[in-house]
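Student: below: sequence and its predicted model.
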Amino acid sequence: MLQIGKFNTLKVVKTVDFGLYLDGGEKGEILLPRKFLPEKPYAEGDELSVFVYYDSEDRLIATTRKPYVQVGQFARLQVKSVTKVGAFLDWGVEAKDLLVPFREQHGEMQPDRYYIVYVYLDFATGRIVASAKLDKFLDNVPPEYTPNQPVEILVVQETQLGYKVIINNLHWGVIYHNEIFRPVAIGEHLQAYIKQVRDDERIDVSLQPIGYEQHIDPLSETILKRLDEAGGRLPLSDKSPAEEIARYFQCSKKSFKKAIGALYKARRIVIDEREIRKA
């Protein structure tokens, strides 16, 4: 079944001078304009992965170019214009901006500003639209995560505690300031790990795997690599300030001390008062 606003694998029905017609099932034939064609030749029956959307004349059209966001996803997008029907966002689709109706905005959106939105198919019109009212699209299914489970997150908002994030396009979560050891930007997509799901179903997330066993080996390898790059010495030790350690390795002082302790026991490094060096 054709999924509008997403990538689909479609068969070539026929070739014409201005592109290919693809089999859209119940939606009929869908044009893939020649400017979007890969360099290799295609023949009837060949399959292509294409993004399907409505063009400026409300005709279904296909492209091989990847938009910034697909239906069912959240993203940070820029407002290109505001009209009497709503705000139009740049979502990386040629000649077709993404509408956010006024009823789906928190206050009137302003040109050139960026907003986090959810993209969906409007049931009434069948068109692809977006909403800035994120809450109604999140936490609608029970969170079934396990500690240390890898997840994809989108950074949405900074708070006093840390950052609100969207987990796997499904749930709200939070990463805490004291557990962040690298710069984080609003709208950034990151890999993270489930720390815990609380009794009230609120979810804590970490940018690092939880626990010594998962974190120590890759961190140790990183330390050794940085030592090699620095000629065998680094101006850090187990007595260095946490901020300085975080600047070098984007980790906590506790994790750093465990890592260099393991390297010391393995006789890979020497720990002095103000530096570590290759053994």
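Tutor: Nice, thanks for sending it over. Residues are numbered from 1 along each chain as shown.
Student: give me the low-pLDDT residue ranges for the stretch 151-279 of the chain?
Tutor: Residues of the stretch 151-279 of the chain meeting the criterion pLDDT under 70: 211-217.
Student: and the helices in the stretch 101-250 of the chain, which stretches?
Tutor: Under the criterion DSSP state H, counting those that start in this stretch, helices of the stretch 101-250 of the chain are mapped to 212-229, 242-249.
Student: distance to residue 60 and mean neighbour count for those - can I get that in JSON lines?
Tutor: No exception for glycine: its C-beta is placed from N, CA and C like everyone else's. Formatted as JSON lines, the helices of the stretch 101-250 of the chain follow (distance: least, CB to CB, whole Å; neighbours: other CB atoms under 10 Å):
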{"stretch": "helix 212-229", "distance to residue 60": "46", "mean neighbour count": "15"}
{"stretch": "helix 242-249", "distance to residue 60": "50", "mean neighbour count": "15"}
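Student: now render the ones you listed as CSV, adding distance to residue 4.
Tutor: Shown next, in CSV, are the helices of the stretch 101-250 of the chain (distance: least, CB to CB, whole Å):
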stretch, distance to residue 4
helix 212-229, 40
helix 242-249, 45
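Student: go through the ones you listed and name the closest to residue 101.
Tutor: Nearest to residue 101, of all the helices of the stretch 101-250 of the chain, is helix 242-249, at 43.1 Å by CB to CB.
Student: ok, then the element right after the closest one?
Tutor: As assigned by DSSP states H and E, the chain's next helix or strand after helix 242-249 is helix 253-265.
Student: stretch 90-107: which residues count as buried?
Tutor: Neighbour counts over stretch 90-107 (16 or more other CB atoms under 10 Å) mark 91, 93, 96, 97, 98, 99, 100, 104, 105 as buried.
Student: for the fifth one, name its beta-bridge partners.
Tutor: By that I understand residue 98. Residue 98 forms beta bridges with residue 89, as assigned by DSSP bridges.
Student: so how far is residue 120 from it?
Tutor: 11 Å (CB to CB, to the nearest Å).
Student: least confident of the buried residues of stretch 90-107?
Tutor: Among the buried residues of stretch 90-107, residue 96 carries the lowest pLDDT, at 87.
Student: that one reaches residue 54, doesn't it?
Tutor: Yes - counting by CB atoms under 8 Å, residue 96 touches residue 54, with 6.9 Å between them.
Student: assign a three-state SS to residue 2, would you?
Tutor: What DSSP: H, G, I helix; E, B strand; the rest coil gives for residue 2 is coil.
Student: that one: neighbour count?
Tutor: Using other CB atoms under 10 Å, residue 2 has 16 other residues around it.
Student: hmm, it is touching residue 53, no?
Tutor: No - counting by CB under 8 Å, residue 2 does not reach residue 53; the two are 11.4 Å apart.
Student: how about the contacts made by the nearest residue to residue 241 once chain neighbours are set aside?
Tutor: Using CB to CB, 6 or more residues apart in numbering and skipping the chain neighbours, the partner closest in space to residue 241 is residue 253 (8.0 Å). Residues near residue 253 by CB atoms under 8 Å, 6 or more residues apart in numbering: 240, 241, 242, 245, 246.
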